[in-house]
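Visitor: Just the structure for this:
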Amino acid sequence: MVVAFEENGLSTKDFLCANSQSHSCYAKLQGVSPKTYYTSVENPSEALRSVAAKREHNSIDASGRLVSPAKCSVGTALFVSFEDDEETREVTLESHDSAIAAISKQFDCKVAYLYLAAPSTAPVVQRRTRRDTAATTGGIMWVSGNQFRMFYTSVQYNGVPFSVNSLTISNGTTPATKFSVTLATADPTKSLTFDVLYGDGGYFSLTNVAYAGQKFRSTGIINAPTTFSYACGNLTLETAAVDNRYNTLSFNSLQIQAPFSSTYKENFVFGDSWDCVGFVSTGILMGLFVVVIFLIIIFIGVCWMMDINTMDRFDDPKGKTITINAGAE
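Guide: Now for the predicted structure:
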């Protein structure tokens with residue numbers, strides 16, 4: 001297993017950092033042995049992603065803890081980013097050094113640790129608190145670098161709302177065409193998971209939607225072009241019927257986008273909405289049908305009116321014109 005800590009803006013000068021007491025900002029790292037330092041490595045994160053059998057993303061919050069619990073897994077590359085407060089560079093690096101030392105003690109298997117600079121296009125998992133998102137957007141926003149973005153106001157299981165604590169992206173063997181998303185809840189046994197696929201024609205789609213071990217029908221329901229964001233005011237998915245009863249999973253004001261393109265920047269904004277209702281809804285079709293019937297009736301009526309002629313039953317084309325004088329008696 002490999003754990004890669006990705007530091008934003010890391011440079012060689014940072015390793016010369018000293019705190020207010022003239023001590024190194026990397027006191028914990030200096031005590032680690034053995035260790036190897038490379039001054040210049042091109043795209044280490046991309047190289048690690050290309051050889052890892054499984055890829056996971058996590059983040060360290062301001063308290064120095066992992067947002068989502070991590071477990072040892074052979075062949076897994078765990079990319080860890082940092083959620084920083086507005087502090088000085090020295091304080092930030094010193095806190096990260098302590099967090100790395102504490103987290104490295106949590107694994108009970110053989111792990112290789114990397115401390116490297118975060119690339120500008122790295123799929124970093126970012127965690128937004130409910131308070132922050134509610135103040136700006138009125139809902140919950142989850143962002144994973146330039147790979148995935150999701151927004152909703154509420155999510156419900158059988159009409160009962162539940163909250164999501166963190167989002168984790170797991171890239172498969174073909175990250176250019178598929179990755180998995182896990183939305184963790186307070187109950188470890190009730191995570192919301194789904195796969196995001198890149199299909200022919202430049203569309204992305206959601207499949208294998210599951211919550212609390214139950215799979216929901218989603219094939220052909222959630223899909224949109226990669227340059228657009230899938231949007232739905234009220235999306236409800238159902239499980240297979242058991243005794244004529246269904247379990248439902250509902251999202252309010254859902255918006256999702258997976259660009260599947262390295263040209264997108266981190267924290268990209270949603271593209272134009274690809275609404276789940278479609279351009280022509282059932283109501284629009286019924287309205288058009290009524291209008292067509294109404295136009296046909298008007299057309300037939302006008303034709304009948306134009307076919308009205310003066311009665312010429314008693315007229316003789318060879319005889320004198322019949323003239324009737326109407327006079328008052």
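Visitor: Ramachandran angles for residue 300?
Guide: When quoted as degrees, to the nearest 10, the phi and psi of residue 300 stand at phi -60, psi -40.
Visitor: Do a quick rundown of the strands in the stretch 101-250 of the chain.
Guide: Under the criterion DSSP state E, counting those that start in this stretch, the stretch 101-250 of the chain carries strands at the ranges 112-117, 125-126, 140-144, 148-152, 154-157, 160-161, 166-171, 178-184, 192-198, 203-211, 214-216, 223-225, 229-238, 248-257.
Visitor: got CSV for these, with mean neighbour count too?
Guide: From N, CA and C alone the C-beta is placed, and that goes for glycine too. Below are the strands of the stretch 101-250 of the chain laid out as CSV (neighbours: other C-beta atoms under 10 Å):
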stretch, mean neighbour count
strand 112-117, 16
strand 125-126, 22
strand 140-144, 21
strand 148-152, 21
strand 154-157, 16
strand 160-161, 8
strand 166-171, 20
strand 178-184, 19
strand 192-198, 20
strand 203-211, 18
strand 214-216, 17
strand 223-225, 19
strand 229-238, 18
strand 248-257, 20
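Visitor: rank these by mean pLDDT and give me the bottom one.
Guide: Set side by side, the strands of the stretch 101-250 of the chain differ in mean pLDDT, and strand 125-126 is lowest with a mean of 40.
Visitor: Could you list the domains of this protein?
Guide: 2-117, 125-275, 280-310 (automatic domain parsing).
Visitor: For the first one, what is the distance to the chain centroid?
Guide: With C-alpha atoms, centre = their mean, to the nearest Å as the basis, the distance from the averaged C-alpha position of domain 2-117 to the chain average is 27 Å.
Visitor: how long is that domain end to end?
Guide: When the termini of domain 2-117 are compared using C-alpha to C-alpha, to the nearest Å, they are 16 Å apart.
Visitor: repeat for stretch 238-255
Guide: OK, stretch 238-255 end separation, C-alpha to C-alpha: 19 Å.
Visitor: How far off centre is that stretch?
Guide: With C-alpha atoms, centre = their mean, you get 19 Å for stretch 238-255.
Visitor: residues making contact with it?
Guide: 139, 150-159, 192, 209, 211, 214-217, 229-237, 270, 273 (C-beta atoms under 8 Å, 6 or more residues apart in numbering).
Visitor: residues in contact with residue 90?
Guide: Counted by C-beta under 8 Å, 6+ apart, residue 90 has contacts 17-20, 25.
Visitor: Residue 222 too?
Guide: Applying C-beta under 8 Å, 6+ apart, the residues contacting residue 222 are 205-206, 230, 232, 235, 256, 276.
Visitor: now swap in residue 215 and tell me
Guide: 208-209, 239-240.
Visitor: what about 7 Å?
Guide: 208-209, 239 (C-beta atoms under 7 Å, 6 or more residues apart in numbering).
Visitor: could I get those residues as TSV with distance to residue 181?
Guide: Output for the contacts of residue 215, formatted as TSV (distance: C-beta to C-beta, whole Å):
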residue	distance to residue 181
208	10
209	10
239	19
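Visitor: For the closest residue to residue 82 other than its chain neighbours, give the beta-bridge partners.
Guide: Once flanking residues are discounted, residue 82 sits nearest to residue 60: 5.1 Å by C-beta to C-beta, 6 or more residues apart in numbering. Taking DSSP bridges as the rule, residue 60 bridges to residue 66, residue 82.
Visitor: wait, doesn't residue 60 sit right on residue 78?
Guide: No: when contacts are counted by C-beta atoms under 7 Å, residue 60 is not listed as touching residue 78 (11.7 Å).
Visitor: Report the mean confidence score over stretch 262-281.
Guide: 81.
Visitor: Now do that stretch: everything it contacts.
Guide: Stretch 262-281 is contacted from outside by 120-121, 124, 143, 145-146, 149, 224-225, 227-232, 235, 255, 257, 259, using C-beta under 7 Å, 6+ apart.
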